[in-house]
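Undergrad: this one's sequence-less:
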């Protein structure tokens, strides 16, 4: 049975640094982010993103995110992979749970989600998950 969780995690740290900067004003960066103070069962996590920035500050990004906690009364962790865009004010990301990444009582978890946030959400990251636990 598919369940839905709408929650938020606190961004405890955000370390972003350039990988490549180009003469046309574009650049590639990497962000290493730690999440904590989760609500609704998710207690912590981290993600790593690679971003492509245009000269106007908008970007596209890819993300790998690992979350830990309890979903549907089952404790464990799982990995999400996704991509998104940033338009200068809002980040809109789409994620899917990586098959085989569930651990503990979350072995077999599958599904996906979204993370849509603006500067007003900071220091929190909204997250909506739709999932099945095998």
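TA: Perfect, thanks for sending it. Only a predicted model underlies this, so the values are computations on that prediction, with no experimental measurement involved.

Undergrad: what is the end-to-end distance of stretch 112-125?
TA: For stretch 112-125, the first and last residues are 16 Å from each other (Cα to Cα, to the nearest Å).

Undergrad: ok now the strand ranked longest in the chain, how far from the chain's centre?
TA: In the chain, with assignment by DSSP state E, the single longest strand is strand 3-21. Chain-centre distance of strand 3-21: 6 Å, with Cα atoms, centre = their mean, to the nearest Å.

Undergrad: please work out the average pLDDT along stretch 123-134.
TA: Confidence for stretch 123-134, expressed as mean pLDDT, is 93.

Undergrad: what's near enough to touch the closest residue to residue 106 other than its chain neighbours?
TA: Nearest residue to residue 106, sequence neighbours excluded (Cβ to Cβ, 6 or more residues apart in numbering): residue 76, at 3.2 Å. All C-beta spots, glycine's among them, are computed from the backbone N, C-alpha and C. Going by Cβ atoms under 8 Å, 6 or more residues apart in numbering, residue 76 touches 68, 102, 103, 104, 105, 106, 107, 109.

Undergrad: re earlier: can you name the next helix or strand after the longest strand of the chain?
TA: Where DSSP states H and E defines the elements, the next helix or strand beyond strand 3-21 is strand 27-36.

Undergrad: got the angle between that next one and strand 3-21?
TA: Between strand 27-36 and strand 3-21, the angle formed by their directions is 140 degrees, by axes from the mean of the first three to the mean of the last three Cα atoms, to 10 degrees.
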